[in-house]
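K.L.:
return a 3D structure for these sequence lines:
(chains A and B)
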Number of protein chains: 2
Amino acid sequence: MVCVVIMAGGRGERFWPKSRWTRPKQFMDLTGSGSLLYLTYKRAARLVTPERIFVVTGREYRDITRENLPELPAENIIIEPAGRNTAPCIGLAATVLRYRCPGATMIVVPADHLIKDEEKFTAALATAARLARHTGGLVTLGIRPTRPETGYGYVKTGAGVQLEKGGLAYQVSRFVEKPDAAKARQLLADGGYLWNAGIFIWDVSVILEAFRLYLPDIYAGLLRLAASIGADTYEQVLESVYPGFPKISIDYGIMEKAAKVYTVPGDFHWDDVGTWKSLERVFGSDANGNVIHGNVIAFDARNTIVDAGKRLVAVIGAENLIVVDTEDITFICHKDRTDQVRELLRELRSQKMEEYL
Amino acid sequence: MVCVVIMAGGRGERFWPKSRWTRPKQFMDLTGSGSLLYLTYKRAARLVTPERIFVVTGREYRDITRENLPELPAENIIIEPAGRNTAPCIGLAATVLRYRCPGATMIVVPADHLIKDEEKFTAALATAARLARHTGGLVTLGIRPTRPETGYGYVKTGAGVQLEKGGLAYQVSRFVEKPDAAKARQLLADGGYLWNAGIFIWDVSVILEAFRLYLPDIYAGLLRLAASIGADTYEQVLESVYPGFPKISIDYGIMEKAAKVYTVPGDFHWDDVGTWKSLERVFGSDANGNVIHGNVIAFDARNTIVDAGKRLVAVIGAENLIVVDTEDITFICHKDRTDQVRELLRELRSQKMEEYL
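P.N.:
Next up, the predicted model:
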């Protein structure tokens, strides 16, 4: 049995002000065909029935998640009481799944990525699930890199793995953190590296055993939690255990340490839509390098992203700008300065302007 | 008797989108102390009673003018059925004043300039009114230039004029159109030039005689109009005569041709607030060269003007930009491209987006 866990707890600060504390990136409709969460759910629904799809998110996003995913059983929303990065999130989901879907193979996908070629995507996941089941290993989807991207981590492929029903897979010989530009070009030229897409496949029992080995403190908390599942005390134990977990990623906490790690390469179009700049890839830019959405009139704009709603945004002579116009905020940012958004949000917080977060 | 005529018919396109077709620049409150029209009226009211203040404006601005100037007698609003530049506007006002204030000396001021040092301003006007009365000449206020401005016309001062009650005045030996930068520096260095502020003082009979001499076609129309004043046919004659007048400025049509032209120099701070960039002069810029108004948070902005209202405008890494955020429009313009606003407005018109004009 396969179950899909959608991680939907992010605050998506990098897409501010289109993403907001009350409506982060995974709830944004970037493409006009539904929120990123909804599109992720629809991809999962190609593989499994709604009863086998789980969404982990913050309590504050429970209602909007239900609005986004009316077909999802309400009890399949797993609340994480605080954001603690991917390792605790996955540990929590695995603990719930051991109770709800004993013996399941678990596919973990972020809620806020864009994927085209859905058939290739589901085929790769099916291959990965078989591989996980047969090897008892930890499997990550690897995306064939198409550019020397510095914003992603990479996996180095090792020996090829023979699969019974066909399909391609490798052992992972090394994880590579986000490289600088020169290193990224080198990785691309080498050819033996794939983007680490943050999409994981493993048996529930296998990942929990990995927690026991590599993250024993978290594992101890998960055991306490497991004992309360189905009882009235679950919420209380969750609240007392989860916020105490360290903020640690599954890559750093487990994948880089584990012995049996595999990757299934994917040739489909994948994008983590991590920054406003990624919209250029998602939508393509016009002859002047612009990406223009909404009610916009632009004269002599170059390499500029304008995302407007109903209000008119009129631009004359802009270059390398990101302009985002929402109902209550206008954001204008040089493309090279998007990293400062976090600083700006801190400043808003310190000025007690939380309504803009 | 002195009467003041405020010319308030402009559409103020250069301050778009803060100025709009429905609320042009003269109705904008730039300083927080009232609209430019209101401030102009208050300056006029230092010299004369409200009965002697007249406002020329378009029919579409009658209501907003009355709202702005509740003390102004309703019958002192003179409607110009179409914008025809300053010569027809002044001819119309002089024609009405000959009927309403026979024998008056007429002071003409634009409604959309900013003036500090109001005492010096009214003193200069009082001097100019005496000069006009005693010489039967056409008098313009000249502003001592403080920078080599290319956006204004200049007057060259000729022989000094002796005034009975003191005060300084000159004959005007020449009008100089807006100079280029090199010429402007030369005029400033020469010292014998004043800015032509578009503020005029003359007897009503003298300016009408000048129309007869230099703009006889307009004068003929004004005579037809004069014959209808006080009769039921006035509106009808106005509608049939005025739109046929050529678009011509008083400088070009009369001042540059007339024999007896004088100037009274003013040392007060005067600004025609002709462009967004002039806000830097009016309000001063901060250490980074920025002028920031309203609900704005700016990181690493330089030489940038941000005019916001209640919506938050967040700026990161802007340079040489003008950002104007109004209720329904966000305008982002490179400082060197403000001339393209007219082009943009034409485009909006051609796309049937008149609601944004």
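
K.L.:
next, the contact list for A:Thr157, please.
P.N.:
A:Thr157 is in contact with A:142, A:170-173, A:192-194, A:263, A:265, counting by C-beta atoms under 8 Å, 6 or more residues apart in numbering or on different chains. C-betas here are computed from N, CA, C, even on glycine.

K.L.:
the same query, at a cut-off of 10 Å, please.
P.N.:
A:Thr157 sits next to A:142, A:168-174, A:191-194, A:262-263, A:265 when contact means C-beta atoms under 10 Å, 6 or more residues apart in numbering or on different chains.

K.L.:
what strand or helix carries it?
P.N.:
Taking DSSP states H and E as the criterion, A:Thr157 maps to strand A:154-160.

K.L.:
quick check: can you name the pairing partners of that strand and their directions?
P.N.:
Here strand A:154-160 has these sheet partners by DSSP bridges: strand A:170-176 (antiparallel), strand A:193-203 (antiparallel).

K.L.:
returning to that earlier point: for A:Cys101, state which of the contacts of A:Thr157 is nearest.
P.N.:
Nearest to A:Cys101 among those, counting by C-beta to C-beta, is A:Tyr262 at 22.0 Å.

K.L.:
helix/strand/coil for the closest one?
P.N.:
strand (DSSP: H, G, I helix; E, B strand; the rest coil).

K.L.:
still on that earlier bit, closest to chain B among the contacts of A:Thr157?
P.N.:
Nearest to chain B among the contacts of A:Thr157, counting by C-beta to the nearest C-beta, is A:Tyr193 at 32.6 Å.

K.L.:
which one is A:Lys116 nearest to, not counting chain neighbours?
P.N.:
Among residues not flanking A:Lys116 along the chain, A:His269 sits closest, at 3.9 Å (C-beta to C-beta, 6 or more residues apart in numbering or on different chains).

K.L.:
how about the helices in the stretch 251-357 of chain A?
P.N.:
Along the stretch 251-357 of chain A, the segments classed as helices by DSSP state H, counting those that start in this stretch run A:278-283, A:341-350.

K.L.:
could these go into CSV alongside mean neighbour count and distance to A:Glu235?
P.N.:
Listed next are the helices of the stretch 251-357 of chain A as CSV, based on neighbours: other C-beta atoms under 10 Å in any protein chain shown; distance: least, C-beta to C-beta, whole Å:
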stretch, mean neighbour count, distance to A:Glu235
helix A:278-283, 16, 37
helix A:341-350, 15, 28
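
K.L.:
what would the ones you listed look like in JSON lines with mean pLDDT?
P.N.:
Below are the helices of the stretch 251-357 of chain A laid out as JSON lines (pLDDT from 0 to 100):
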{"stretch": "helix A:278-283", "mean pLDDT": "84"}
{"stretch": "helix A:341-350", "mean pLDDT": "91"}
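
K.L.:
list the buried residues in stretch A:246-265.
P.N.:
Neighbour-count burial for stretch A:246-265, with 16 or more other C-beta atoms under 10 Å in any protein chain shown as criterion, is recorded at A:248-256, A:258, A:261-265.

K.L.:
same check, this time on stretch A:88-106
P.N.:
A:88-98, A:100-101, A:104-106.

K.L.:
now the two most distant members of the residues you listed.
P.N.:
Taking C-beta to C-beta, no two of these sit farther apart than A:Pro88 and A:Thr105, at 20.8 Å.

K.L.:
count of neighbours near A:Asp232?
P.N.:
7 (other C-beta atoms under 10 Å in any protein chain shown).

K.L.:
relative to B:Ala82, how far out is it?
P.N.:
Counting by C-beta to C-beta, to the nearest Å, the separation of A:Asp232 from B:Ala82 is 80 Å.

K.L.:
likewise for A:Arg62?
P.N.:
A:Arg62 sits at a distance of 62 Å from B:Ala82 (criterion: C-beta to C-beta).

K.L.:
quick revisit: so which of the buried residues of stretch A:246-265 comes closest to B:Arg14?
P.N.:
Distances from B:Arg14 to the buried residues of stretch A:246-265, taken by C-beta to C-beta, are shortest for A:Ser249, at 53.4 Å.

K.L.:
one step back: nearest to A:Ala8, out of the strands paired with strand A:154-160?
P.N.:
Proximity to A:Ala8 (C-beta to C-beta) singles out strand A:193-203 among those, at 13.0 Å.

K.L.:
helix, strand, or coil at the residue in the stretch 51-200 of chain A that chain B sits nearest to?
P.N.:
Chain B sits closest to A:Gly151 of the stretch 51-200 of chain A, with a gap of 18.7 Å, by C-beta to the nearest C-beta. Of the three states, A:Gly151 takes coil according to three-state DSSP.

K.L.:
and it, what does it touch?
P.N.:
Applying C-beta under 10 Å, 6+ apart, the residues contacting A:Gly151 are A:178-179, A:184, A:195, A:272, A:274-275, A:277-278.

K.L.:
put the buried members of the residues you listed into a ChimeraX selection.
P.N.:
Buried members of these, defined by 16+ other C-beta under 10 Å, are picked up in ChimeraX with:
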select /A:179,184,195,272,274,275,277,278
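
K.L.:
please flag which of the contacts of A:Gly151 sit within strands.
P.N.:
A:Trp195 (DSSP state E).

K.L.:
which parts of the stretch 251-357 of chain A are strands?
P.N.:
For the stretch 251-357 of chain A, the strands defined by DSSP state E, counting those that start in this stretch cover A:261-266, A:270-271, A:291-293, A:296-299, A:305-307, A:312-316, A:321-325, A:329-334.

K.L.:
which helices and strands sit right next to the first one?
P.N.:
Translated: strand A:261-266. helix A:118-135, strand A:138-143, strand A:154-160, strand A:170-176, strand A:193-203 (3 or more C-beta pairs under 10 Å, 6 or more residues apart in numbering or on different chains; DSSP states H and E).

K.L.:
centre of the chain to the third one, how far?
P.N.:
Between the mean C-alpha point of strand A:154-160 and the mean C-alpha point of its chain there is a distance of 21 Å (C-alpha atoms, centre = their mean, to the nearest Å).

K.L.:
and the stretch 1-150 of chain A, which residues reach chain B?
P.N.:
A:16-17 (C-beta under 10 Å from any C-beta of the partner chain).

K.L.:
what is the burial count for whichever residue of the stretch 1-150 of chain A sits closest to chain B?
P.N.:
Here the stretch 1-150 of chain A gets closest to chain B at one residue, A:Pro17, 7.0 Å apart by C-beta to the nearest C-beta. Counted with other C-beta under 10 Å, the neighbours of A:Pro17 add up to 21.
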